[in-house]
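Chemist: what follows is a predicted protein model with its sequence.
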Amino acid sequence: MIIDDAFLDPDALREYAKSSLHSPRNIRNPIGYEIHPVDLNERLPDYAVELAGMIHKHIGENICNFFGLNPSEVKLEVFKGPYFNCVGVDKIPVFTPHVDIGHVSSFAYLVLPENCAGGTRIYRHIPSDKIYVLQENSHSLAGLMKKTLTEPLVESTEEWEMVQYFEMKYNRLIAFNSSSIHKIDLTGGRFTMQIEATRLCLNAFYRYVYPDGRLASRKATT
């Protein structure tokens, strides 16, 4: 799912992120920054709820079918986020393909138009024909990754095939099945950890629950 012009005032959201910037989450291996403002839940309470409804409306049927759920019997709720995430290419290792927790992942790009480059790639592992791997079975994904997914490998058709590409665009929001094998694409970007030049996103992760609060199945049916 792609929503362009996702926020009425993305510039204000960027300024809010800048004013809330915290320290690196892992000094020894600084993959990026996670910004957790104390008042985030007060400032953005409706965002996650409204987005959950929109996601369920547009791609909920496909997601539910994948997990063997009845869309009319479950509700999509946020369980991690929303939080701002900053990544600078000078501070990170090469990203490898991975999967997320929950049922749905969403990212809103807040990178200024002149700095947008790359995006998010979703892959199929050709030998196994897998596009999805459950996060709790991540060892299965590790078994697929006999080689690190680098740019030269992306150009090869021997192991990995890119099946979907979400191009980075200012104020664009994307959402997809959390079990999709995906990789952050920094191609062409000169991202740094300086706030004006970072890969700034607003992330949120969702899961389906039943009316009584029970977590819905995470067992894939395909």
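Modeler: Noted; the coordinates are in hand.
Chemist: would you mind listing the buried residues in the biggest helix by length in the chain?
Modeler: For the chain, the helix that runs over the most residues, judged by DSSP state H, is helix 45-67. By neighbour count on 16 or more other Cβ atoms under 10 Å, the buried set for helix 45-67 is Tyr47, Ala48, Leu51, Ala52, Met54, Ile55, His56, Gly60, Ile63, Cys64, Phe66, Phe67. No exception for glycine: its C-beta is placed from N, CA and C like everyone else's.
Chemist: now stretch 183-200
Modeler: Result for stretch 183-200 [16+ other Cβ under 10 Å]: buried residues Lys183, Ile184, Asp185, Leu186, Gly189, Phe191, Thr192, Met193, Ala197, Thr198, Arg199, Leu200.
Chemist: before we move on, what about stretch 2-14?
Modeler: Neighbour counts over stretch 2-14 (16+ other Cβ under 10 Å) mark Ile3, Ala6, Phe7, Pro10, Leu13, Arg14 as buried.
Chemist: residues contacting it, please?
Modeler: Stretch 2-14 is contacted from outside by 54, 108, 110, 112, 166, 169-174, 200, 202, using Cβ atoms under 8 Å, 6 or more residues apart in numbering.
Chemist: ok, now with 10 Å
Modeler: Contacting residues not belonging to stretch 2-14 are listed as 15-16, 43-44, 47, 51, 54-55, 58, 84, 106, 108-112, 166-167, 169-176, 195-196, 200, 202 [Cβ atoms under 10 Å, 6 or more residues apart in numbering].
Chemist: just the ones of those residues in strands?
Modeler: Residues of those located in strands (DSSP state E): 84, 106, 108-109, 166-167, 172-176, 200, 202.
Chemist: circling back to that earlier point, where's the dip in pLDDT among the buried residues of stretch 183-200?
Modeler: pLDDT across those is lowest for Met193, at 67.
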